[in-house]
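>>> Could you work out the structure for the sequence below:
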Amino acid sequence: NAPLPCGSTPQYLKTDVVNATFAKVSWYDTQSDRFVIRYRAVGTSTYIYRRSYNTLTEGMIQGLIPSTTYEWSVRSMCDANVSLYSEPMYFTTLSACPSVGGVTAADIGFNSAQLNWNSSITADTLMIRIAITGTTDYKVIKLAGNPNPGNYTVTGLIPETTYDAWVATKCGSGSTSAWGTPATFTTLSEPVVRTSADPGILNVNAYPNPTKLFINYAFTSKEESEYTVKVCDISGRELLSEVRVANEGLHGEKVSLGGFASGLYMLVIQQGPMVGRFKFNISE
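Sure thing, here's the model as predicted:
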């Protein structure tokens with residue numbers, strides 16, 4: 001029940017986690033200044049060595065080849081006492097899960113951004129990781145990967161803030177791809193909602209104007225409730241109508257305008273008895 005004494009050969013080796021390119025390994029509690037893990041692909045003669053300069057009885061082996069069987073063992077070092085290497089253990093890495101490659105950001109608003117990636121890659125799960133640039137406080141979002149949507153709109157972002165976002169895949173075998181190249185983008189400043197003395201007017205602001213494929217809008221909601229967003233032509237003919245839910249406080253979303261001809265339009269937001277209007281122009 002006690003740790004093995006200083007200078008002992010580690011025992012009871014385990015391979016705790018195996019992925020396509022890494023494995024987490026461990027062994028029984030052993031007193032030591034440091035450990036040396038050696039490993040090689042089965043059928044090769046050259047070992048690779050990893051040193052651990054602490055007393056943790058576990059280690060990470062990285063940079064492995066997918067679908068390959070490896071042999072590994074470990075020894076301890078305690079002052080001048082160097083143990084023999086343990087009896088070897090074996091594991092086989094998982095097959096590689098395909099990477100979606102680089103990620104791009106579009107339709108960037110004050111609190112949201114659309115992330116885009118290669119939609120032809122098939123996987124069981126897509127994982128989006130996003131954080132403020134220079135931090136490791138990651139938010140991870142999981143999506144179904146088959147079919148692969150190729151895009152996702154991240155919301156709840158902070159205005160005038162730079163973010164990094166990555167996309168990785170996970171396959172049914174448990175294998176995950178690398179995170180790949182991130183998209184770096186900066187959210188817009190928070191829109192100034194127009195004010196009016198008329199209590200029946202909902203103060204709406206929208207951008208960009210003129211626009212082409214979409215328009216972002218923002219208004220202040222006194223509570224969480226449903227509202228209707230419409231797009232009308234200049235004669236008042238309704239071209240689009242959707243019921244959405246607003247969060248309490250400053251609320252912003254966007255309307256896609258693909259297929260709309262160039263010209264002058266009216267964005268109409270109605271929440272209960274209150275109505276707000278914003279005139280905008282679509283130009284090629």
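>>> surely T162 meets P182?
No - between T162 and P182 there is no contact under C-beta atoms under 8 Å: 11.3 Å. In this view, the C-beta of every residue, glycine as well, is placed from N, C-alpha and C.
>>> quick one: which of these two has more around it?
Taking other C-beta atoms under 10 Å, T162 and P182 do not tie; P182 has more neighbours (19 against 12).
>>> what residue of this structure is the furthest out?
Distance from the C-alpha centroid of the chain, by C-alpha atoms, centre = their mean, peaks at A80 (46.7 Å).
>>> Tell me how far it lies from G59.
Computed as C-beta to C-beta, to the nearest Å, the A80 to G59 distance reads 23 Å.
>>> Also T136?
Distance of T136 to G59, computed by C-beta to C-beta: 22 Å.
>>> neighbour-wise, which of those two wins?
Neighbour count, other C-beta under 10 Å: between T136 and G59, G59 has more, with 21 against 6.
>>> what ranges do the strands span in the stretch 51-200 of the chain?
In the stretch 51-200 of the chain, the segments counted as strands under DSSP state E, counting those that start in this stretch are 58-62, 69-78, 81-82, 89-92, 104-106, 112-116, 125-132, 139-144, 151-155, 162-170, 183-186.
>>> Quick check: which of the ones you listed is nearest to P98?
Closest to P98 of the strands of the stretch 51-200 of the chain is strand 162-170 (C-beta to C-beta; 6.0 Å).
>>> Okay, buried residues for the closest one please.
Counting neighbours by 16 or more other C-beta atoms under 10 Å, one finds that the buried residues in strand 162-170 are Y163, D164, A165, W166, V167, A168, T169, K170.
>>> do the same with stretch 245-265
Neighbour count says stretch 245-265 has A246, L250, H251, G252, E253, K254, V255, L257, F260, Y265 buried, by 16+ other C-beta under 10 Å.
>>> Equivalent analysis for stretch 231-241, please.
V231, C232.
>>> What of stretch 61-72?
Applying 16+ other C-beta under 10 Å to stretch 61-72 flags I61, L64, T68, Y70, E71, W72 as buried.
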